[in-house]
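**Student:** Please find the sequence and the predicted model below.
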Amino acid sequence: MFKQVCTYILAAAVVLGAAGAAGAQTQTTATSSSADDGWKVNVYPILVWVPLGIGLDVDLPPTSGGGGGGGKIVDGRFDGAFFGGFSVSHRFWRIDAGGLWAAVGGDRPDNPTLTVDVDVVYGHATGGFRVYKDLYVTGGVRRYALKYDIELAGYGSFQRKPGVWDPLIGLGYHYAGEKLEVHATFDGGGFGVGADVDIAAAFKVDWKPVRHFGLVGGYQVLYLKASDTLAGKTFTFTQTLHGPMAGIGFYF
């Protein structure tokens, strides 16, 4: 009888111990899950941007002959563009960062002869606060660098590489589903602090066929305006790029 009682007590202790361990593990898992709840990280190592429309205007100062004031580059050319970035969001907050490189140029054969080559490089970082459902108000900075090489009849050739920091304000829409994400952003900067005008807008869709990996497609528009002075005369450059982008994303 005594042995049976001891056996029952031992069995009950084992059962209670196992239940307690399972409860502790469940509580730990729940705590860990709660700690991770709300965190979302998207990484875009490759986003190729292929502008379809290239608009590049150069406002020229009057030449000694009285002409040459203003003129559009009629034969634009596109050398390439690349964009990559990442985003981190947690409940009401969101951080987006990325970088862009684009190379364009153009030629005007007469009145006077003009050749322009431009490399646009910038990186941006914005923070957003959700104000309504999937709508965010954003603010941040953009590092803007414009390297251009200009050859103008009567002036020779010159190269500049101005770089500025632009304050940014904007709006963002970010819907994140299990298999599909939709992102739309608009921000503007410059305000005379850095560049004269710096505006960007983008729309992209992330399709996630498997966990942690997806395909990205969308459209982006970039408008830049900057100016520089040579020999006491001001050159103003207005550049517009727009076109589709495609790439891959990793999601955590």
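**Tutor:** Yep, it's here.
**Student:** Low-confidence regions, this protein specifically.
**Tutor:** Counting by pLDDT under 70, the chain contains low-confidence ranges at 1-37, 53-80, 106-112, 152-160, 162, 192, 194, 228-235.
**Student:** May I see the buried residues of stretch 172-190?
**Tutor:** For stretch 172-190, the neighbour count (16 or more other CB atoms under 10 Å) marks Gly172, His174, Ala176, Glu181, His183, Ala184, Thr185, Phe186, Asp187, Gly188, Gly189, Gly190 as buried. Placement of C-beta: from N, CA and C, glycine included.
**Student:** swap that for stretch 127-144, sorry
**Tutor:** By neighbour count with 16+ other CB under 10 Å, stretch 127-144 contains the buried residues Gly128, Arg130, Tyr136, Thr138, Gly140, Arg142, Tyr144.
**Student:** and those, which two are the farthest apart?
**Tutor:** By the measure CB to CB, Arg130 and Tyr144 form the most distant pair in the buried residues of stretch 127-144, at 27.3 Å.
**Student:** what's the closest non-adjacent residue to Ile150?
**Tutor:** Val116 (5.3 Å; CB to CB, 6 or more residues apart in numbering).
**Student:** Just give me the neighbour total for that neighbour.
**Tutor:** Neighbourhood size, Val116 [other CB atoms under 10 Å]: 23.
**Student:** shouldn't it be in contact with Leu146?
**Tutor:** No - if you go by CB atoms under 8 Å, Val116 and Leu146 don't touch, sitting 11.3 Å apart.
**Student:** what's the overlap in contacts for those two?
**Tutor:** With contacts defined as CB atoms under 8 Å, 6 or more residues apart in numbering, the residues shared by Val116 and Leu146 are Phe237.
**Student:** For the residue nearest to Ile150, what is the enclosing helix or strand?
**Tutor:** strand 114-132 (DSSP states H and E).
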